[in-house]
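Peer 1: Attaching a predicted model along with its sequence, questions to come.
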Amino acid sequence: MMDVKEIQTEIYNYEDLNFVAYMEMTITLKGQDQLLNRLLEAFTIIDLSSNKFSATIPHSIGDLNSLRYLNLSHNNFMGHIPASLGNISVLESLDLSSNKLDGGIPSELTRLTFLEKLNLSMNDLVGQIPQSNQFSTFDNDSYVGNLRLCGVPLTRKCNEENGQLIGPEEEDDEEEEYGFIDGFGWRSVVMGYGSGFIVGIGIGYIIIRNGRPSWLVEFFFGVGYNKKKKRLN
């Protein structure tokens, strides 16, 4: 995987490509399970997901400059994301989710201009999310569960001076990521509905008590309601 020339970015005739023997294999590519009937001899993918691997991700992984897909999710990897991953220029999918990675997202990853799928969710990453190149195309799902990340596409803002999260670390993250509805928090929505309900009950009581406006009272309670009320009185 350090120098697989057969899969470099040149265009090949599909019939001229070399395949291994026919086989069926289900692989998670770019976040989706895909069934492959045959594989290229130079098929470059590492999928070590859902194991119990721990310690740090080795810096030497950046030497695999022909790697296309890397999935190390659902393990116990710790430490920082290796900046050397930015050397894998043809990388199309990177999934490091559900580990114990900390530190910031290396700016070197913005060099991965072929990257189509990124998943760094459910880690302990901190600081500002890079914005250039492919990183401007990834949505909130790529970063969910990292409570100290900030910047677009998250709603948490960064301090302009140091790029760190504004405010206390214990800020109500769930409200910021999931509780906003068209720009309003759920508390504001509940208060609005509650206030409207109380005001509505009050206005309804006044209308029924005074019988005004008569057309509205008769609409809800029937024609002649005011006359019946007078007879009862």
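Peer 2: In hand now; what should we look at?

Peer 1: quick one: residue 158 from residue 94, how far?
Peer 2: In this view, residue 158 and residue 94 are 22 Å apart by Cβ to Cβ, to the nearest Å. For the C-beta atoms, the positions are set from N, CA and C on the backbone; glycine is no exception.

Peer 1: ok, those two, which is more surrounded?
Peer 2: residue 94 (25 against 18; other Cβ atoms under 10 Å).

Peer 1: ok, the more buried one - contacts?
Peer 2: 70, 85, 109, 112, 115, 117, 118, 119 (Cβ atoms under 8 Å, 6 or more residues apart in numbering).

Peer 1: Wait, a strand at residue 101?
Peer 2: Yes - Residue 101: assigned to a strand according to DSSP: H, G, I helix; E, B strand; the rest coil.

Peer 1: isn't it right up against residue 80?
Peer 2: Yes - between residue 101 and residue 80 a contact is recorded at 7.0 Å, counting by Cβ atoms under 8 Å.

Peer 1: what about the two, which has more around it?
Peer 2: residue 101 (23 against 15).

Peer 1: The more buried one: what's it in contact with?
Peer 2: Here residue 101 is in contact with 57, 77, 78, 79, 80, 81, 120, 123, 124, 125 (Cβ under 8 Å, 6+ apart).

Peer 1: can you rerun that using 7 Å?
Peer 2: 77, 78, 79, 80, 81, 123, 124, 125 (Cβ atoms under 7 Å, 6 or more residues apart in numbering).

Peer 1: Out of the residues you listed, grab the one that's most surrounded.
Peer 2: Most surrounded of the contacts of residue 101: other Cβ under 10 Å gives residue 81, at 24 neighbours.

Peer 1: what sits against that one?
Peer 2: 96, 101, 103, 105, 106.

Peer 1: Next: residue 75.
Peer 2: 51, 52, 53, 99.

Peer 1: Give me the pLDDT value at it.
Peer 2: Looking at residue 75, its pLDDT reads 96.

Peer 1: Please report how far it lies from residue 65.
Peer 2: 23 Å.

Peer 1: Same question for residue 82.
Peer 2: Distance from residue 82 to residue 65, by Cβ to Cβ: 14 Å.
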